[in-house]
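Asks: Sequence below, structure please.
(2 chains)
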Amino acid sequence: MYEVIAFYLFSVLTIGLFLVTVMSKNVLYAMTSLASGMVLIAGFFFVLGADFLGVVQLIVYVGAVMALYSFAMMFFDATRDIKEKNTSSALVFLLGGLSALVLVLIFAAPIHSDAIQALYPMHEGVGNAQDVGIVLFTKYLVPFEVAAVMLLVAMIAGILLAGKKMDDSLTEDLGADDEILIQKDEK
Amino acid sequence: MIGLTHYLIVSAIIFSIGLVGVLRRRNLLMLFFATEVMLNAVNIAFAAISHYYNDLTGQMFAFFIIAIAASEVAVGLGLLIVLYKKYGSLDLDDLANMKG
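Replies: Predicted structure coming up:
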């Protein structure tokens, strides 16, 4: 019973929030609704019994990724509305609706194969985090290390790309900076 | 009772919302948001299949998708900052400078 209530609540709220993300003209509204939608997706994970995945979703997506986005907001002018030239919006909605229909039909089709069996089955009486840890550090050790190297490369790339010419301002007009420099020269 | 199909349908709808966003938006930052929506939709499908087939493989794939999304955001935002410094705009129509 609670699972049904949680499922419908989470799905309606998530779809609504992601629609706001996609349709909104304001970057701040889009970012906030994306963050709250991700929290609700972590709720999906908890309902599905994937506790560790839910916690990782909360920490990585809602914590790290959204913090990164909000830091990037400092560089771009976030308070201004985005003016976009949306050509042939009807075609886009038609294509999106058609692909949604096709995807729903594919996923709603009954699964006939009975040969599907668990490759790494979950164990009864063992917590989800322990199960995940055992599989991750035995069967998926190489992908785990490769992911670690990839994250390191991404960190270095991010520092190199964003760190260049950090001293000149992006959003303020150049006149203000020049005035400050002139004042410094006068002193 | 909620079955696997329910979760897959919700995942498909959210994925299509992200797809509409990718097709519709012209601002690069908004395109990034739409990509995140699509990645999250796939994660829901993986977790649901993992739960209903009693298999941990789906959760493993969801972990790696989260790791890839995090590094994509780090590199992508660095590139966006460089683009903004160079052109002063994130609009795809302004950035299209190859006359094809």
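
Asks: quick one: average confidence on stretch A:116-126?
Replies: For stretch A:116-126, the mean per-residue pLDDT is 77.

Asks: first to last residue in it, what's the distance?
Replies: 23 Å (Cα to Cα, to the nearest Å).

Asks: Same check on stretch B:51-64?
Replies: End to end - Cα to Cα - stretch B:51-64 spans 17 Å.

Asks: how about it: buried residues?
Replies: Buried residues in stretch B:51-64, counted by 16 or more other Cβ atoms under 10 Å in any protein chain shown: B:51-53, B:55-64. Any C-beta I mention is one placed from the backbone N, CA and C, and that applies to glycine too.

Asks: Now the helix or strand containing residue B:33: average pLDDT?
Replies: Using DSSP states H and E, residue B:33 falls within helix B:28-52. Helix B:28-52 comes out with an average pLDDT of 91.

Asks: what angle sits between the helix or strand following it and helix B:28-52?
Replies: Note on helix B:28-52: by DSSP H and E, the next helix or strand toward the C-terminus is helix B:57-87. Per axes from the mean of the first three to the mean of the last three Cα atoms, to 10 degrees, the angle that helix B:57-87 makes with helix B:28-52 is 180 degrees.

Asks: Please report how far residue B:28 lies from residue B:94.
Replies: 10 Å (Cβ to Cβ, to the nearest Å).

Asks: Which one of those two is surrounded by more residues?
Replies: residue B:28 (18 against 11; other Cβ atoms under 10 Å in any protein chain shown).

Asks: Give me the distance between that one and residue A:21.
Replies: 15 Å.

Asks: Check residue A:158 too.
Replies: The value you get for residue A:158 to residue A:21, if Cβ to Cβ is used, is 23 Å.

Asks: In terms of neighbours, single out the busier of the two.
Replies: residue A:21 (25 against 20).

Asks: Which of the helices or strands spans that one?
Replies: helix A:2-23.

Asks: Export only the CA atoms of that helix, formatted as PDB.
Replies: The C-alpha coordinates for helix A:2-23 follow below in PDB (Å, rounded to 0.1, in the frame of the first residue of the first chain):
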ATOM      1  CA  TYR A   2       2.700   2.500   1.000                       C
ATOM      2  CA  GLU A   3       4.700   1.400  -2.000                       C
ATOM      3  CA  VAL A   4       1.800   2.300  -4.300                       C
ATOM      4  CA  ILE A   5       1.400   5.700  -2.700                       C
ATOM      5  CA  ALA A   6       5.100   6.400  -2.800                       C
ATOM      6  CA  PHE A   7       5.400   5.300  -6.400                       C
ATOM      7  CA  TYR A   8       2.600   7.500  -7.700                       C
ATOM      8  CA  LEU A   9       3.600  10.500  -5.500                       C
ATOM      9  CA  PHE A  10       7.200  10.300  -6.600                       C
ATOM     10  CA  SER A  11       6.500   9.700 -10.300                       C
ATOM     11  CA  VAL A  12       4.000  12.600 -10.600                       C
ATOM     12  CA  LEU A  13       6.300  15.000  -8.700                       C
ATOM     13  CA  THR A  14       9.400  13.900 -10.700                       C
ATOM     14  CA  ILE A  15       7.700  14.200 -14.100                       C
ATOM     15  CA  GLY A  16       6.300  17.700 -13.100                       C
ATOM     16  CA  LEU A  17       9.600  18.900 -11.800                       C
ATOM     17  CA  PHE A  18      11.500  17.700 -14.900                       C
ATOM     18  CA  LEU A  19       9.000  19.300 -17.100                       C
ATOM     19  CA  VAL A  20       9.700  22.600 -15.300                       C
ATOM     20  CA  THR A  21      13.400  21.900 -15.900                       C
ATOM     21  CA  VAL A  22      13.000  21.400 -19.600                       C
ATOM     22  CA  MET A  23      10.400  24.200 -20.200                       C
END
